[in-house]
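1. Mind folding the following:
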Amino acid sequence: MNDERIRYLLHGNNIPKGAYVLYFMQQSQRVNDNHALACAITLANERKLPVVVFFSLDPTYPDGNLRNFTFLLEGLDEVRAELISKGIGFIFRIGKPDANIRDYLLEAAVVVLDTGYLRIQREWRKNLYFDIAENYPHCDLVQVETDTIVPVNVATNKLEYGAYTIRNKLLKQLDCFLDQAEFTAPVQSYDLNLKTDPFPDDYLSFLDSLSVKKIDISHHYHGGYQQASQRLSNFISKKLDQYPNANDPALDLTSKMSPYLHYGQISPREIYTKVAATDATPEAKTAYLEQLFIRRELAWNFVCYNPEYDVFDKMTDPWAYRTMNDHLDDEREYLYTIQDYQDLKTHDPYFNACMRELLESGYMHNYMRMYWAKKIIEWSKSYHEAFSIIKTLNDTYLLDGRDPSSYAGIAWCFGKHDRPWQERPIFGKLRTMTEGGLKRKFAIDKYVARWQ
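-> Next up is the predicted model:
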């Protein structure tokens, strides 16, 4: 494992103490190719201690609902079973993780964290840091980056302007970070009796008992590494060679990896190496890996170095705010509410089709996401209102919402990581996307038919 993935946040006071190494699993919900888990096992084996994985499901997580929690639990159930089969303890708790984990810190020799950059993830990790620093001086705290290929702070130490400014920085580091997290069996199997909540057999009844928001589950996508791996294999064998045409919504050529990446159920490194090893055309591989590696890690750079990534007044560039301010009072031919969108009551059949895909499946074709958001900008009373509606729908319905990539995608629609275009009504110098463009470029009615 590349040592630059690992950061010692706290060094204990060297007093031998602890009954186990504790891995706080949060962002990286998988066993396969998990550098944080591999690090925990290595540290445990050095001390001849067992490994315990801790996961706490917070019912109050922002915009948590039946749909996204079900997907999460499907994957986590698979993780739990595999860990137990390998002699690793698994603790499942209900509630705020930074509070629940305190029950296990006194006997932990080391706490290992995976890395998360969203606001709530940073808050949990900060609270844990201060808790250990003040109350558990015997304990080491180690953070491991395993959900980007190149660690964000290694790639660059600043907010990048766009893909063209970060691409070479990432590519220079790539070979150093294609390091697989090899699974090594723990020397000491878990045989402790630590407090844990029962893992649910019936996800829907369990989540209903927690009074989470009832957004219909997806019958198109199910969580877990096995599902992700199967989808990836299918994509590689049947669609990868055609990926340069993936912008066409009628062709359905995307890999559908984003929900699994969002929950850390598969690693981007694993996807990268499997795609790179195929005999697909260089054009196809380059096109796909640009999205998986360059564009995705640009999004992680965005949320890391702009903590207000989801705040309208802070998420994009000065030129974009200037042009929006110049066009605040432009006349809008259509004005719709968020309820109109949810009820599929716009005049635009293409918008209604991608909205139906969102509502029913929890996913939306990548190109249609851009069109969808641009139309909401066009049909809202203000840019701020449009941003709020887009973010609400993104966070509520998308299985890959509440994610650096989706927040960067929203900001892109308001000019971030883009450039000024020819000035037009409503949009000013923001890029526009039109119904005519869909008709001209694609057999868009096939996409509409799929979602009728």
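2. what's the helix or strand for His219?
-> Using DSSP states H and E, His219 sits within no helix or strand.
3. Show the contacting residues for the residue nearest the centre of the chain.
-> Centroid-nearest residue in the chain, with CA atoms, centre = their mean: His262, separated by 2.7 Å. Each residue near His262 by CB atoms under 8 Å, 6 or more residues apart in numbering is listed here: Leu399, Asp400, Gly401, Arg402, Asp403, Ser405. All C-beta atoms are positioned from the backbone trio N, CA, C, and that covers glycine.
4. And for Thr254?
-> Taking CB under 8 Å, 6+ apart as the test, what Thr254 contacts is Ala246, His365, Asn366.
5. Check the secondary structure at the residue lying closest to Asp103 once chain neighbours are set aside for me.
-> Excluding the flanking residues, the one nearest Asp103 by CB to CB, 6 or more residues apart in numbering is Lys195, at 5.9 Å. The three-state label given to Lys195 by DSSP: H, G, I helix; E, B strand; the rest coil is coil.
6. again with Leu335
-> Classification of Leu335 using three-state DSSP returns coil.
7. Low-confidence bits of the stretch 301-450 of the chain, can you list those?
-> For the stretch 301-450 of the chain, no stretch is flagged by pLDDT under 70.
8. So which residues of it form helices?
-> Assigned by DSSP state H, counting those that start in this stretch, the helices in the stretch 301-450 of the chain fall at 318-326, 338-342, 349-361, 366-378, 383-397, 404-413, 435-441, 444-450.
9. could you dump stretch 392-407 to CSV, C-alpha only?
-> Taking only C-alpha atoms (Å, rounded to 0.1, in the frame of the first residue of the first chain), the coordinates of stretch 392-407 have been written out as CSV:
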residue,chain,number,x,y,z
THR,A,392,-33.5,18.9,-3.1
LEU,A,393,-34.4,16.6,-5.9
ASN,A,394,-30.8,15.4,-6.2
ASP,A,395,-30.5,14.7,-2.5
THR,A,396,-33.9,13.1,-2.1
TYR,A,397,-34.2,10.7,-5.1
LEU,A,398,-30.8,9.9,-6.6
LEU,A,399,-29.0,6.9,-5.2
ASP,A,400,-25.7,8.7,-6.1
GLY,A,401,-27.0,12.1,-4.8
ARG,A,402,-25.4,13.8,-1.7
ASP,A,403,-22.1,13.0,-3.3
PRO,A,404,-19.1,15.1,-4.4
SER,A,405,-19.8,14.2,-8.0
SER,A,406,-23.4,15.2,-7.9
TYR,A,407,-22.6,18.5,-6.1
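10. Mind listing what's buried along it?
-> Neighbour counts over stretch 392-407 (16 or more other CB atoms under 10 Å) mark 393-407 as buried.
11. Turn the contacts of Thr254 into JSON lines, columns for neighbour count and distance to Lys172.
-> JSON lines is the format used below for the contacts of Thr254 (neighbours: other CB atoms under 10 Å; distance: CB to CB, whole Å):
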{"residue": "Ala246", "neighbour count": "21", "distance to Lys172": "27"}
{"residue": "His365", "neighbour count": "26", "distance to Lys172": "32"}
{"residue": "Asn366", "neighbour count": "16", "distance to Lys172": "27"}
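12. tell me the phi and psi of Met364?
-> Phi and psi for Met364, reported as degrees, to the nearest 10, are phi -150, psi 140.
13. Am I right that it is in contact with Phe351?
-> No: using CB atoms under 8 Å, Met364 is not in contact with Phe351, being 11.1 Å away.
14. who has more neighbours, those two?
-> Legend: neighbour count by other CB atoms under 10 Å for Met364 and Phe351, higher for Met364 (28 against 22).
15. Return the distance of that one relative to Met355.
-> 8 Å (CB to CB, to the nearest Å).
16. so what sits against both of those two?
-> Common neighbours of Met364 and Met355, counting by CB under 8 Å, 6+ apart, are Trp372.
17. of the buried residues of stretch 392-407, closest to Lys86?
-> Leu399 (27.6 Å; CB to CB).
18. dump the residue contacts of the closest one.
-> Residues near Leu399 by CB under 8 Å, 6+ apart: Arg67, Asn68, Phe71, Ser218, Tyr221, Ser258, Pro259, His262, Gly362, Tyr363.
19. Any chance of the residues you listed in TSV with distance to Tyr161 as columns?
-> Listed next are the contacts of Leu399 as TSV, based on distance: CB to CB, whole Å:
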residue	distance to Tyr161
Arg67	35
Asn68	32
Phe71	34
Ser218	35
Tyr221	34
Ser258	24
Pro259	29
His262	25
Gly362	32
Tyr363	29
